[in-house]
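Enquirer: sequence unknown, structure follows:
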């Protein structure tokens, strides 16, 4: 092993080249800092290489299949089928193109490949093959991301039991797939494979799917899953594998579910173990997360942490926003992290939310009015043949301020952006209702929900 004896000086060190890390590095360099980015695997991280982008290749293909199945009613005559090997080739093209884009944004950043671990509060060691290099940093941003949570009863073997990375590498459609975990990853991939023709079973230990989303929205996704023939087993735990079956337990009763493949999707945990954070004097929570303030600063004022290794949803857009804030804080700018993070899932139909649910708002003492609008009233949604779903707007009855927006339906993951602006700016339904929305368009449903909320509030005041 060759060791660099001298510690090379670095102004800003970024550990991790995923969405949070590369965004932080690019912003710090833009602000005039000398930046070193260390990534042990592929630039772009899990999201770009084996996570959110590849999974959207799959969900988009599933959506296209579903849409093509409706086309005969609308005129076009097609006989669609899924070619998973062709889909994998397209996935590679997409990832390669986007990785190239990330590389281009890091033109002023020095990128080093290797595994990093801390030596003390200002020194880090990076191992690459048989070479070790030490660096002395002034400021550091930790952005090492997360990894799938493992189940002792279902060790991932890459043969029958897979994590999401393994499933996204399939080049053949399995006859049957059991998804362990009814969160957004499990439901996105489970519904995609159901569209591909796979017999899908979802096993969820709790009493509901898609925890964190409004139950009214989840009901729409659950109904669609039933139409796709997905067998959903709530309150059920996976206890092992026997031959070609997954062993499950529901209310103390054991059962077997046939499974050519098993996807374990029970969440993600922070990757911090290899960093040797104890040498920094930093401690993590019981879940392995690093405590930070509103700028991402840890207990050490010159060390920041962002993304999945901090508390909150493990989402790329959260990590990217935190990366910008950390880079700006290092540069002396008064930036701070905003808690309003949109939640999205590319299920069928898509589901998205930002801000408070009605229940959460009431728990915080608000008098609440809820405005609803169905996509069935949207001309655009009806033309698309995707009229299932709704928009719910949660409003403070006293001030008319929008507290939260929740939607399920076509393009919900895009439409939520307007809702995020409304919540972030403390917009009133009066403002939303006054905006002229294009017709026919899906976003008219957001407008209609705002109008409905205003009418409900008016009736409430006139009682």
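Expert: Yep, that arrived. Keep in mind it's a predicted model, so treat the numbers as computed, not measured.

Enquirer: and residue 8, what are its bridge partners?
Expert: Beta bridges link residue 8 to residue 135 when assigned by DSSP bridges.

Enquirer: so where do the strands sit in the stretch 351-463 of the chain?
Expert: 368-374, 390-396, 402-409 (DSSP state E, counting those that start in this stretch).

Enquirer: could I get these as a markdown table with distance to residue 265 and mean neighbour count?
Expert: (C-beta placed from N, C-alpha, C; glycine too.) Formatted as a markdown table, the strands of the stretch 351-463 of the chain follow (distance: least, C-beta to C-beta, whole Å; neighbours: other C-beta atoms under 10 Å):
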| stretch | distance to residue 265 | mean neighbour count |
| --- | --- | --- |
| strand 368-374 | 30 | 21 |
| strand 390-396 | 26 | 26 |
| strand 402-409 | 20 | 27 |
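
Enquirer: so who does the closest residue to residue 142 other than its chain neighbours touch?
Expert: Once flanking residues are discounted, residue 142 sits nearest to residue 305: 4.4 Å by C-beta to C-beta, 6 or more residues apart in numbering. Under the criterion of C-beta atoms under 8 Å, 6 or more residues apart in numbering, the neighbours of residue 305 are 141, 142, 143, 290, 292, 296, 298.

Enquirer: show me which of the residues you listed is closest to residue 48.
Expert: Closest approach to residue 48 among the contacts of residue 305 (C-beta to C-beta): residue 143, at 13.4 Å.

Enquirer: my guess is the closest one meets residue 13, correct?
Expert: No: between residue 143 and residue 13 there is no contact under C-beta atoms under 8 Å: 10.7 Å.

Enquirer: these two: which is more packed in?
Expert: residue 143 (34 against 25; other C-beta atoms under 10 Å).

Enquirer: just to revisit the earlier point, quick one: which of the strands of the stretch 351-463 of the chain is nearest residue 200?
Expert: Here strand 402-409 is closest among those (C-beta to C-beta), at 19.6 Å.

Enquirer: which neighbours does that closest one have in its sheet, and in what orientation?
Expert: For strand 402-409, pairing defined by DSSP bridges yields strand 350-355 (antiparallel), strand 390-396 (antiparallel).

Enquirer: can I get the ones you listed in TSV including distance to residue 213 and mean pLDDT?
Expert: Below are these laid out as TSV (distance: least, C-beta to C-beta, whole Å; pLDDT from 0 to 100):
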stretch	distance to residue 213	mean pLDDT
strand 350-355	6	99
strand 390-396	11	98
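
Enquirer: pipe the ones you listed into CSV and attach distance to residue 370 per row.
Expert: Below are these laid out as CSV (distance: least, C-beta to C-beta, whole Å):
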stretch, distance to residue 370
strand 350-355, 12
strand 390-396, 6
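
Enquirer: who wins for proximity to residue 38 among the ones you listed?
Expert: strand 350-355 (33.1 Å).

Enquirer: could you find the closest non-adjacent residue to residue 247?
Expert: Nearest non-adjacent residue to residue 247 (C-beta to C-beta, 6+ apart): residue 240, at 4.4 Å.

Enquirer: what's the domain layout of the chain?
Expert: With domains defined by the TED database, the chain comprises 8-147+269-331, 161-266, 349-462.

Enquirer: a markdown table for the contacts of residue 305, including distance to residue 428 and secondary structure?
Expert: Shown next, in a markdown table, are the contacts of residue 305 (distance: C-beta to C-beta, whole Å; DSSP: H, G, I helix; E, B strand; the rest coil):
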| residue | distance to residue 428 | secondary structure |
| --- | --- | --- |
| 141 | 37 | strand |
| 142 | 39 | strand |
| 143 | 37 | coil |
| 290 | 38 | coil |
| 292 | 33 | coil |
| 296 | 31 | coil |
| 298 | 38 | coil |
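
Enquirer: tell me which of the residues you listed is nearest to residue 52?
Expert: Distances from residue 52 to the contacts of residue 305, taken by C-beta to C-beta, are shortest for residue 143, at 15.7 Å.

Enquirer: and that closest one, what are its phi and psi?
Expert: phi -140, psi 50 (degrees, to the nearest 10).

Enquirer: which residues of this protein score low on pLDDT?
Expert: For the chain, the stretches with pLDDT under 70 are 1-5, 71-78.
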